[in-house]
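Engineer: fold the following for me, if possible:
(one chain, ligands or ions: 1)
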Amino acid sequence: MVASIKPHRDELGLGDGRMLIDGQWTEGAGGTWSHRHPATGEQVASFPVAGPADVDSAVRAARRAFDEGPWPRARASERIKALRKVADLVREHADELLRLQALDNSVPLSFGEIYVMSANFVADVFDHHAGWVDKIAGETLPPYQGGDHMVLTLREPVGVVGAVIPWNAPLSLFAQKVAPALAAGCTVVLKPSEYATFAVLRLAELIAGVVPDGVLNVITGPGDPAGQALISHPMVDKLSFTGSRAVGQKVMTAAAAGCKRVSLELGGKSPAVVFQDADVGTAAAVTMGTVTLGLSGQVCAAQTRALVQRDAVEEFLATAEMIGTMVSYGNPFDPEVTSAPLINTRQLDRVLGLIVRGQEEGARLVCGGSRAEGDLAAGNFVAPTLFADVSNDMSIAREEIFGPVLSVIPFDEENEAIALANDTDYGLAATVWTQDVKRAMRLTRAIKAGTVGVNGYQLEPNSPFGGYRQSGMGREGGRAAVEAYTELKTVLLPFTDEMM
Ligand code: NDP
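Structural biologist: Below is the predicted model:
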């Protein structure tokens, strides 16, 4: 049995969460939601469910803060100072935030040392966007036909942002939405996943002490009704969503109905392309590690299709299988634990079902494939799973599994590898493993994915991140992220004699 995690929550002294609306902590009118910890199945907290009136109050608060409040009108220096203060607070409260995240989704504390999951990353995202505040600039254009006016462009904040995020990396994903929105001068209503509310509420509490009331509001509860009410609210100007393709389509539908601006960060079925001239052992260790350590493959950019040149397949499989044996499950607060359970029983059933389908469709199960038993039986743990002899038309090669499952697909020639890499509905991420620089460049150009790594893959706060095709639209990180929270206004300024 994994020991109860309840004492950790009590140690933190955090009461059951509440919603942040217009600077006040309020209860919701839609009842409560009980959060069961994925490592133990025990109920660890209950959170309010936002009813339509709560969502309306939150959006109206954000609207007032945008239309009448000081935040969108603040001098650049004030907004920079505020965002840097948030970064400092995140660093000060790093341990607490990571412990709360482990209470949410059971991501092991040891994994918080991996940059993209760390509080440092969250703080760096706020620091990075603070740096953009005084660089959000328009242009001066010459009159095209020698007219008697100047053309200026201004970048203005887009307005009230309705943001919805999933549960797998609540702190990082919160930062990737809230930091650029605040940097641009927007106000925000954010709905976290009902499966990851603790850490988001604490981070929101820290930020609420820095920005004026109504600038950041957080509503809690399930996607439907709370999230659906937010994305459909007529006073929201822009929707920013991270999550599954299916819900992303609902967000696009809501955006279409209201002609709202929309950014989507969706799922993936990303390839790691491993040539035989690469350091195959490292490629296998990194690829299997990303799929089984930490979040146990519940990562949008996880490279769950290993396309491996045929002569390197056996070496790749041997190392990947060995990495699978290094995985250790259990209480996320135990420093020896490396990997998380699946977030809920629905996802557990789905992953196990896809593993069965992989075998039925002819893939060879090298290791794993079943739910962890014994002491771990109460949690949603699935053993690290490796499939060989996979073809790209099998379900395990096409569907985003979101669990600890790696499919190895052999190839012979470079062009075949490119075709396989691109034979997917998605296009979020890829890594090319080779020692040949020219080949690496050819592949990075040919693969249709938002981010392509060469011999490694690491996200940074300033590197634009997002998807081609059904992996989404828009980018987070860098100039593109901030500009996505702005409108471009054109000003036609007549020349007068006095100006000449
Ligand atoms: P979901 O799409 O199920 O949920 C994402 C968020 O949307 C949650 O807050 C959910 O609420 C909410 N939601 C659900 N239904 C609605 C609705 N009708 N209206 C508004 N909001 C709604 O994704 P998961 O939480 O299961 O996360 C996994 C998915 O996220 C994967 O596909 C993964 O690839 C993707 N992802 C993408 C990333 C990227 O940057 N590209 C990063 C991380 C994950 P609730 O959960 O409370 O029901």
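Engineer: isn't Glu194 up against Thr220?
Structural biologist: Yes: between Glu194 and Thr220 there is a contact under C-beta atoms under 8 Å: 6.9 Å. In this view, the C-beta of every residue, glycine as well, is placed from N, C-alpha and C.
Engineer: more neighbours, those two?
Structural biologist: Set Glu194 next to Thr220 and count neighbours by other C-beta atoms under 10 Å: Thr220 wins out with 26 against 19.
Engineer: could you find the closest non-adjacent residue to that one?
Structural biologist: Excluding the flanking residues, the one nearest Thr220 by C-beta to C-beta, 6 or more residues apart in numbering is Phe47, at 4.8 Å.
Engineer: flag every buried residue along the helix or strand hosting the one you found.
Structural biologist: Here Phe47 is covered by strand 43-48, with elements defined by DSSP states H and E. Residues of strand 43-48 classed as buried by neighbour count (16 or more other C-beta atoms under 10 Å): Val44, Ala45, Phe47, Pro48.
Engineer: kindly report the same for stretch 300-316.
Structural biologist: Neighbour-count burial for stretch 300-316 [16+ other C-beta under 10 Å]: 300-309, 312-313, 315-316.
Engineer: show me the shaky parts of the stretch 1-150 of the chain.
Structural biologist: Residue ranges of the stretch 1-150 of the chain with pLDDT under 70: 1-3, 5-17.
Engineer: ok, the residue of it found nearest the ligand to Gln101 distance?
Structural biologist: Residue nearest to the ligand within the stretch 1-150 of the chain: Trp33 (8.2 Å; C-beta to the nearest ligand atom). Using C-beta to C-beta, to the nearest Å, Trp33 is found at 18 Å from Gln101.
Engineer: neighbour-wise, which of those two wins?
Structural biologist: Gln101 (28 against 19).
Engineer: find the nearest non-adjacent residue to that one, please.
Structural biologist: Computed as C-beta to C-beta, 6+ apart, the closest residue to Gln101 that is not its neighbour in sequence is Ala199, at 4.2 Å.
Engineer: which of the three states applies to the one you found?
Structural biologist: Three-state assignment for Ala199 (DSSP: H, G, I helix; E, B strand; the rest coil): helix.
Engineer: now do Leu154
Structural biologist: Leu154 - assigned by three-state DSSP - is strand.
Engineer: low-confidence bits of the stretch 351-500 of the chain, can you list those?
Structural biologist: Scanning the stretch 351-500 of the chain for pLDDT under 70 picks out the ranges 497, 499-500.
Engineer: can you show me the strands along it?
Structural biologist: According to DSSP state E, counting those that start in this stretch, the stretch 351-500 of the chain carries its strands in the segments 364-367, 385-388, 405-411, 429-433, 451-454, 472-473, 486-494.
Engineer: farthest pair within the buried residues of stretch 300-316?
Structural biologist: Farthest pair in the buried residues of stretch 300-316 (C-beta to C-beta) is Cys300 and Glu315. Separation: 28.2 Å.
Engineer: helices along the stretch 351-500 of the chain, start to end?
Structural biologist: Assigned by DSSP state H, counting those that start in this stretch, the stretch 351-500 of the chain shows helices spanning 395-398, 414-422, 437-446, 479-483.
Engineer: just send the buried residues of strand 43-48 back as JSON lines, with distance to Ser395 too.
Structural biologist: Formatted as JSON lines, these follow (distance: C-beta to C-beta, whole Å):
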{"residue": "Val44", "distance to Ser395": "34"}
{"residue": "Ala45", "distance to Ser395": "36"}
{"residue": "Phe47", "distance to Ser395": "34"}
{"residue": "Pro48", "distance to Ser395": "38"}
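Engineer: wait, which of these is closest to Ala285?
Structural biologist: Val44 (33.7 Å).
Engineer: surely that closest one touches Pro38?
Structural biologist: No: the criterion here is C-beta under 8 Å, and Val44 misses it with Pro38 at 10.0 Å.
Engineer: thinking again about what came up before, so what's the residue of the stretch 1-150 of the chain closest to the ligand up against?
Structural biologist: Ser46, Phe47, Pro48, Val49, Glu194, Thr220, Gly221, Pro222 (C-beta atoms under 8 Å, 6 or more residues apart in numbering).
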